[in-house]
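A.B. asks: Give me a model of this one.
(chains A and B)
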Number of protein chains: 2
Amino acid sequence: MTIKAVIWDLDGTLADSAALHYQAWQAIMDRYGIFYTYQMFIDEFGRNNAEILTKHFDAADPATIQRVSLEKEADFRALLTPGVLQPLPGVMAWLAHFRHQGIVQVVGSSGPMANIAAMVRALDIGDYFLALVTGTHLPKGKPDPAIFLRCAAVAGVDPVHCLVIEDSIHGIEAAQRAGMRSVAVGALAGSAALRALCANPAAPPCLALASLDQITTPSSLFE
Amino acid sequence: MTIKAVIWDLDGTLADSAALHYQAWQAIMDRYGIFYTYQMFIDEFGRNNAEILTKHFDAADPATIQRVSLEKEADFRALLTPGVLQPLPGVMAWLAHFRHQGIVQVVGSSGPMANIAAMVRALDIGDYFLALVTGTHLPKGKPDPAIFLRCAAVAGVDPVHCLVIEDSIHGIEAAQRAGMRSVAVGALAGSAALRALCANPAAPPCLALASLDQITTPSSLFE
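C.D. replies: Numbering: from 1, shown residues only, chains lettered A, B, ... in the order given. Predicted coordinates for the structure are as follows:
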């Protein structure tokens, strides 16, 4: 089945901004007199800002939580100066390969659009994409398939011709529920959770790759 | 007819980057020993880079034209430091009003995605949008309605419930051909070309506003 559109997750897939997020978290916690270690960051990674802040700010009202959360993301974006973030290994070759094949590319990320735009700008990869789409305006996050279905719609491509590239188990499940093939990258590729998800013969095929630089002609992956 | 999605043109509508484009053009022309005046810029504004460069570079091959064009756009983005660009009058109030009404907002721009992401970043307005969409990957530019139909698709909204905000006659024509209502802003609002286009009683309504700050409750515009 031909691939006509590729939908990229951003964080952890196109580039890894975890170190910059830690830097932003540490700065903001420090500003409010809260001691925040790297281990705390690792333990809480993947939870949303409100959950993290509610845990560390005693008796803070929702308005304060919201304000500090926005402050943290603005700090993160301020750290995104050109050159500070690099595409993950293999990413540039995949982007160029798909473009050369005439395959439409779209970013479908759960992150806030302000961060998506800032990361795409800092990585200088904007011109590969027809569209950047955030899940934050949709009622449910991944593993709900809505974001990937919106990406397919903007690409003008049927889900069966879409390929999703993801680093999270929720993202791979969202791809399957959207009826899309997927590539699981990074640490996820070796996980038991992924093996279990991809063992379902009724689901669209998914492929596990520790790194995108293991493959040079990705459009032939599922042929 | 209720507005459920607003599709924003970017340049000249959300913000005016003409002065920065002139700065980038002048720098690049200077680098290649070409004298480039503000009057030349004004006369050529709206033409694509290849046309402008082919006129000024004697006997340049397409690869050189393409390389210099990318160089000019990278120079433009390098100028987009935070604070250098401001939203046009009324824009922030309209963005906030639509968000408050629960109306989905999308950017649909003919510009390169790298510029869209950089401008949205510099303006710090990313979080108002579900998606940023470029027309550069589509076969035809505005007045072809394709870009606005893609924006409606990603918004999950029927074109009759979409409102386009534009500063160019091609953009308003694209909106009409997409079956969408529109607001024409800036100098376009007073033009004879717009009056002619909007005089067609069979086309979706369009409204002319010299500046968005003339209206404070835009979602009631067409009720």
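A.B. asks: just the CA coordinates of the helix or strand where residue A:120 lies, formatted as CSV?
C.D. replies: Using DSSP states H and E, the element containing residue A:120 is helix A:113-123. In CSV, the C-alpha atoms belonging to helix A:113-123 read as follows (Å, rounded to 0.1, in the frame of the first residue of the first chain):
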residue,chain,number,x,y,z
MET,A,113,1.4,25.2,18.9
ALA,A,114,3.7,28.0,20.2
ASN,A,115,6.3,25.3,21.1
ILE,A,116,5.8,23.5,17.8
ALA,A,117,6.4,26.7,15.8
ALA,A,118,9.4,27.6,17.9
MET,A,119,11.0,24.1,17.6
VAL,A,120,10.3,23.9,13.8
ARG,A,121,11.9,27.3,13.6
ALA,A,122,14.9,26.4,15.7
LEU,A,123,15.5,23.2,13.7
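A.B. asks: ok, the closest residue to residue A:84 other than its chain neighbours - how many residues close by?
C.D. replies: Sequence neighbours aside, residue A:122 is the residue nearest to residue A:84 in space, at 6.5 Å (criterion: C-beta to C-beta, 6 or more residues apart in numbering or on different chains). C-betas here are computed from N, CA, C, even on glycine. Around residue A:122 there are 23 other residues, counting by other C-beta atoms under 10 Å in any protein chain shown.
A.B. asks: same question, residue A:217
C.D. replies: Residue A:217, neighbours per other C-beta under 10 Å, totals 11.
A.B. asks: my guess is it meets residue A:97, correct?
C.D. replies: Yes: in this structure residue A:217 lies within contact range of residue A:97 using C-beta atoms under 8 Å: 6.5 Å.
A.B. asks: Overlap in contacts, the two.
C.D. replies: Common contact partners of residue A:217 and residue A:97 (C-beta atoms under 8 Å, 6 or more residues apart in numbering or on different chains): none.
A.B. asks: and whichever strand or helix holds residue A:182, how far out from the chain's middle?
C.D. replies: Element membership for residue A:182, per DSSP H and E: strand A:181-185. How far strand A:181-185 lies from its chain's middle: 12 Å, per C-alpha atoms, centre = their mean, to the nearest Å.
A.B. asks: Stretch A:114-128 too?
C.D. replies: Put simply, stretch A:114-128 sits 13 Å off its chain's centre (C-alpha atoms, centre = their mean).
A.B. asks: Then stretch A:5-14?
C.D. replies: Put simply, stretch A:5-14 sits 6 Å off its chain's centre (C-alpha atoms, centre = their mean).
A.B. asks: The residue nearest to residue A:84 contacts residue A:78, doesn't it?
C.D. replies: No: here residue A:122 lies out of contact with residue A:78, judged by C-beta under 8 Å, at a distance of 11.0 Å.
A.B. asks: Output the set of residues of chain A in proximity to chain B.
C.D. replies: Within reach of chain B by C-beta under 8 Å from any C-beta of the partner chain, chain A has these residues: A:74, A:77, A:104, A:112-118, A:120-121, A:124-134, A:136-138, A:150-151, A:153-154, A:156.
A.B. asks: Return the members of these classed as buried.
C.D. replies: Buried by 16 or more other C-beta atoms under 10 Å in any protein chain shown: A:77, A:104, A:112-118, A:120-121, A:124-134, A:136-138, A:150-151, A:153-154, out of the residues of chain A next to chain B.
A.B. asks: contacting residues for the closest residue to residue A:120 other than its chain neighbours?
C.D. replies: The shortest distance from residue A:120 to any non-neighbouring residue, by C-beta to C-beta, 6+ apart, is to residue B:117 (4.4 Å). By C-beta under 8 Å, 6+ apart, the residues touching residue B:117 are A:116-118, A:120-121, A:126, A:132, B:132.
A.B. asks: can you check residue A:46 too?
C.D. replies: Applying C-beta under 8 Å, 6+ apart, the residues near residue A:46 are residue A:168.
A.B. asks: What separation do you get for it and residue A:18?
C.D. replies: Per C-beta to C-beta, to the nearest Å, residue A:46 is found 10 Å from residue A:18.
A.B. asks: Overlap of the contact sets of the two?
C.D. replies: Residues touching both residue A:46 and residue A:18 (C-beta under 8 Å, 6+ apart): none.
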